[in-house]
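Participant: what would the 3D arrangement of this be:
(one chain, ligands or ions: 2)
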Amino acid sequence: MGPRSSNKRLLGIPAAEGVAEGPAHLLANPLLVSERRIAPAEIASELVRLDEALDSAESHFIALGEELGSQGRQAALEIVTVYRMMLRSPEIADVARRKISEEAAGAEWGVRQAIDEMRTTFAAMEDLYLRERGRDVEAVGDQVLRALLGLPAFRRGEGRVAGAIAVAFDFSPLEVARLVNDGAIGLVTETGGRSSHAAILARSFGIPFVAGVIDACTEVGSGGGLVIDGDKGVVVCNPSAETLGQFRRFRLRSLGRQQRLVALHDLPAVTLDGVTVALHANIAAIRQIGGALAAGAEGIGLFRTEFLYLDRPDLPTEDEQFRDACSALTALEGRTATFRTLDLGGDKLPLAVRIPEGHNPALGMRSIRFSFRRPDIFRTQLRALFRAAARGPMRIMFPLVSGLTELRETRRIVDEVKTELQREGVEHNPSVPLGLMIETPSAAITADHLARHCDFLSIGTNDLMQYAFAADRDNRDVDSLYHPLHPAMLRLIKLTIDGAASAGKPLSLCGDMAGQPLCSLVLLGLGLRDYSMNSSSIAGVKAIMRSCHAVDAQTLAMQALELDSEKDVEELAARALSKTLPPESFDNDLR
Ligand code: PEP
Ligand code: MG
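Facilitator: Ligands and ions are numbered 1, 2, ... in the order given. Below you'll find the model as predicted:
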C-alpha cells in the first residue's frame, strides 16, 4: 500500500473513536505571509483589496453555512455563524485596516499581523476554552488570506481526499466538515486534543481522529499508507503486511462477530446459573437511540446531555431541553432513560459560557460544582427534565458528587425546582428517581452514606480512575496509569457495590470498563447486575454473560481482590475469560 513499509507506530490522543485504513492525504501547513510594505499611493487600493477579501471570505462562509444547514449539520453550521461574526470583528477587520492605512502594510501582511496579535492574546489566556478559540481566529484569518492570494477556498493536499486519512498540523472545524463531505475516512493532527471543535465535529460525523501526534506531518508521507485507531490514539505509518493483515482480520472479526451477535439481540443477558443482568447504553445524542435499541439495550443508562449543547453559541432554553428529552423518551418507547445533568468543565467546554478553570481544570470548577456556581443553568435543565418526566420513564443523575454535603445541596435545589413547578401549575412528574455518579474516591468510600440519601448510584469509572490514580484522563503522558483492574479500583468498586447494597439501593456502572470483556466478568463477580456501555459493546458483554456462571465469576473476583498487582488480575481474568469464550470472539486493538 505505501511506498515502503516502516510500520512505525505513533501515539497521539484519541479524539474520535473508530478505526480506519487508507492512504494519507497530507495538507500543507497554514499559509506563511512575509512582511510587505506599500507606498502611500497604494494604500487606497490595498484597502479595497482587503474589503474584497473580507467579502469573499464571508460569501464562502455563507455558502458553506447553507450547504451544512441543508445537510442538517447543525453543530458545523453554528461554528460557521461564529466565524462570520469573527470575520467582521474590530480585532480582525479594523486592525488589518489600520495596519494598512497607518503602517503602510500590504493587505496580506496587515491581515497576518491582526491574526497574530489576536492569537497571541488568546494564547496567553489561562482558560483552555479561550486558548482553543485562537485556532478559530487562525481559521478565519486563513480564509481572508486565501482570498487575498487568489487561492482556492480550502487548502488541498495531493491526490484524492475520498477514502483517504487527512493529516495536518491542525484542522479548523470547517476543514473537518469539508474533508468529511469530500469523503475523508479519518483524521490525524499534530496539535489539539479532545476538546477542540475539530474533535467534537469529528465525533459528531463519526469518523476516527487521532490528535496530538508529534511530528505526524514529517513521519507520514503523502500517499503513504496509514492505519489509525481513534479509540486508542494510535497511528501506524506504512503498515507492514503483518500489521495490515492484523488490522483487516480485526475488522473482519468485528464484522463477523457483530453478525453472530445480532442473533443474541432478543435473548436475555442471563448467566448459565440463572443470574440476570441489565445491559443499558451510554449515548450523547438522541439519534444514537436507534443504534442502542438495535444493539439490544434495555434502555439508556447514561445520557451525556452536555453534548447536545456544547457546539452552540447560546444556551439551550428550557423548552428546547424539554423537547429534546421528550424526543428521547418517545424514541425509547417506554424504556427508561437516565439523564445525567450537564457535566460541563474539565475537557467539556461549551461555546456559550465561560467556565473558570484554575490551574487544574479536572480538579476545579466542573460538573455539579459548576451547576452550583450557575444555578440558573442547572435549574433550567432540571425544570425541563421534571416536565419531560411526565411523558415517560426517566431517572436523573448528578455527576461528580463528592460527598453528602454536595448531595444535600443538590436535593435542596431539586426541591425548590419542584415546588416552583407545582406553584406554577406546570405539568411535571415530581417522583423521578434521583441518583449520583460515583466518580471520586471520596464518594466511593462513603457510598453507603450517599446511597441512603438518593435513589440509585452509578459508578463512573472513567473519572474514578482519573481521581484514584491522580492521572489526567486527557494527558497522553499518563495514559499508562489507567488500569480498570488495578487492585485500588477493584476495592473502590467493591466498596460502592456493598454501600449501595447496605442501603438497598440499585447500582449500575457506566464507565468504559462496563463494556470491556475482561472487566465485565470481574464486575459480575463483584456483584454488579446493571451495566451501561457504548452500544457497540452490548452484544459482546451479553455473549459473555450467557456463557459463564455467576458463581465462577464470584470466585474469580474474590481471588482478584487478594492480588496485589493489576497485571496479575488481568492474567487471572484473561484465563477465566478464555475458558468462557474463545479469544477470537473479542475485538483486539492495535496497541
Ligand atoms: C465516567 O466518568 O466514567 C463517566 C461515565 O462519565 P464521563 O466519561 O462522561 O466523564
Ligand atoms: Mg465522568
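Participant: from the contact counts, what lies against the strand ranked longest in the chain?
Facilitator: In terms of residue count, the longest strand belonging to the chain (DSSP state E) is strand 19-26. Under the contact criterion of 3 or more C-beta pairs under 8 Å, 6 or more residues apart in numbering; DSSP states H and E, strand 19-26 touches strand 165-168, strand 186-189, strand 225-229, helix 241-262. No exception for glycine: its C-beta is placed from N, CA and C like everyone else's.
Participant: go again using 6 Å as the cut-off
Facilitator: Packing contacts for strand 19-26, counted by 3 or more C-beta pairs under 6 Å, 6 or more residues apart in numbering; DSSP states H and E, involve strand 165-168, strand 225-229.
Participant: ok, the residue lying farthest from the centre of the chain - contacts?
Facilitator: Relative to the centre of the chain, the most outlying C-alpha is that of Ala41, 52.9 Å out, by C-alpha atoms, centre = their mean. Ala41 sits next to no residue when contact means C-beta atoms under 6 Å, 6 or more residues apart in numbering.
Participant: state the distance from it to Ala104.
Facilitator: 10 Å (C-beta to C-beta, to the nearest Å).
Participant: thought Leu148 was touching Gly106?
Facilitator: No - with contacts counted by C-beta atoms under 6 Å, Leu148 stays clear of Gly106, the gap being 9.0 Å.
Participant: neighbour count for the two, which is higher?
Facilitator: Comparing Leu148 with Gly106 by neighbour count (other C-beta atoms under 10 Å), the higher total belongs to Leu148, at 25 against 21.
Participant: nearest residue to that one other than its sequence neighbours?
Facilitator: Distances taken as C-beta to C-beta, 6 or more residues apart in numbering put Ala53 closest to Leu148, at 4.4 Å, once the chain neighbours are dropped.
Participant: same check on Asp170?
Facilitator: Once flanking residues are discounted, Asp170 sits nearest to Thr191: 4.8 Å by C-beta to C-beta, 6+ apart.
Participant: can you get me a residue count around that neighbour?
Facilitator: Residues near Thr191, counting by other C-beta under 10 Å, number 17.
Participant: pLDDT below threshold where in the stretch 1-150 of the chain?
Facilitator: 1-5, 30, 71-76, 126-132, 135 (pLDDT under 70).
Participant: in it, which residue sits closest to ligand 2?
Facilitator: In the stretch 1-150 of the chain, the residue that lies nearest ligand 2 is Pro14 (15.9 Å; C-beta to the ion).
Participant: dump the residue contacts of that residue.
Facilitator: Each residue near Pro14 by C-beta under 6 Å, 6+ apart is listed here: 230-233.
Participant: sheet-wise, list the partners of the helix or strand hosting it with their directions.
Facilitator: Taking DSSP states H and E as the definition, Pro14 sits inside strand 13-16. Within its sheet, strand 13-16 is paired with strand 209-211 (antiparallel), according to DSSP bridges.
Participant: what average pLDDT does the partner strand get?
Facilitator: Per-region confidence: strand 209-211 scores 93 on mean pLDDT.
Participant: pLDDT at the closest residue to ligand 2 within the chain, what is it?
Facilitator: Closest residue of the chain to ligand 2, C-beta to the ion: Asp463 (3.6 Å). pLDDT, Asp463: 93.
Participant: one more: Ser172?
Facilitator: 76.
Participant: number of residues surrounding it?
Facilitator: By other C-beta under 10 Å, neighbour count at Ser172 equals 25.
Participant: and Asp455, by the same measure?
Facilitator: 16.
Participant: please begin residue numbering at 35 from this point
Facilitator: Sure thing, new numbering starts at 35, so read that last one as Asp489.
Participant: residues contacting the closest residue to it other than its chain neighbours?
Facilitator: Closest residue to Asp489 apart from its sequence neighbours, by C-beta to C-beta, 6+ apart: Pro467 at 3.8 Å. Contact analysis of Pro467 by C-beta under 6 Å, 6+ apart lists 429, 489-490.
Participant: wait, does stretch 327-347 make contact with ligand 1?
Facilitator: Yes - remark: stretch 327-347 sits within contact range of ligand 1 at 336, 338, by C-beta under 6 Å from any ligand atom.
Participant: and the nearest residue to Ala196 once chain neighbours are set aside, which of the three is it?
Facilitator: In space, and not counting its chain neighbours, Ala196 is closest to Gly217: 3.2 Å by C-beta to C-beta, 6+ apart. What DSSP: H, G, I helix; E, B strand; the rest coil gives for Gly217 is coil.
Participant: same deal with Asp176?
Facilitator: Asp176 ends up helix, using three-state DSSP.
Participant: and Ala91, by the same measure?
Facilitator: From three-state DSSP, the assignment for Ala91 is helix.
Participant: who touches it in this structure?
Facilitator: 121, 177-178, 181.
Participant: turn the residues you listed into JSON lines, including distance to ligand 1 and neighbour count.
Facilitator: As requested, the contacts of Ala91 are exported to JSON lines (distance: C-beta to the nearest ligand atom, whole Å; neighbours: other C-beta atoms under 10 Å):
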{"residue": "Leu121", "distance to ligand 1": "34", "neighbour count": "19"}
{"residue": "Gln177", "distance to ligand 1": "34", "neighbour count": "24"}
{"residue": "Val178", "distance to ligand 1": "37", "neighbour count": "26"}
{"residue": "Ala181", "distance to ligand 1": "40", "neighbour count": "23"}
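Participant: I appreciate the help and will end here.
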